[in-house]
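[1] Could you look at this predicted model? Sequence included:
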Amino acid sequence: MQRFTTSRIAGALRRLMGAPQPAQQAAALVWRPARNGMEVLLITSRGTGRWVLPKGWPEKGEHYCDAALREAREEAGVEGKVSPDAIGSFVFDKDLGEGIARNCEVFVFPVKLVKERSKWPEHKQRKRVWVSAERATTMVREPELAEIIAIAGGKLQKQAA
């Protein structure tokens, strides 16, 4: 069922007015079993320091799930088993600098943690934290992402048990 959130309605209005389709990115919802069920990994963005998922642009010919896994490796220093199926998507305006923003739709792929490194390509530029799915929903700014984390948290918690 399609949810009619504010950002989806705004996106539909933009397209009706002739705006281009949103650019597409892939994100990794990295998770691991924990004492109380499961935890998810959040990292800080390089620009604003807000809490986000590892995400980025797919490279030419790269499947979105593989892009999500690559971004998790580069931005968060984790390896894992990625699902080939997105668990949802959210829309946001990516700041490209100099007052320019690009509307992006981000497809979110669950990644079960296999290995966590102490150093990785962006370890000096980002922080990472493991939190419950419930806590993660209060830390991210995008309401649709919070909803994806909440729904996925329930599903993934069953796998963690």
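    Right, received. Where do you want to start?
[2] Distance from the chain centre to stretch 82-97, please.
    Stretch 82-97 sits 6 Å away from the centroid of its parent chain (CA atoms, centre = their mean, to the nearest Å).
[3] List of residues touching it?
    Residues outside stretch 82-97 that contact it (CB atoms under 8 Å, 6 or more residues apart in numbering): 7-8, 11, 22-23, 25, 28-29, 47, 63-66, 68-69, 101-111, 142, 144-145, 147-148, 151-152, 155. The way it works is simple: take the backbone N, C-alpha and C, and place the C-beta from them, glycine included.
[4] do that again at 7 Å, thanks
    Stretch 82-97 is contacted from outside by 7-8, 11, 22, 29, 47, 64-65, 68-69, 101-111, 142, 144-145, 148, 152, using CB atoms under 7 Å, 6 or more residues apart in numbering.
[5] backbone phi and psi for residue 46, please?
    phi -70, psi -40 (degrees, to the nearest 10).
[6] Which residue, other than its chain neighbours, is closest to it?
    In space, and not counting its chain neighbours, residue 46 is closest to residue 125: 5.2 Å by CB to CB, 6 or more residues apart in numbering.
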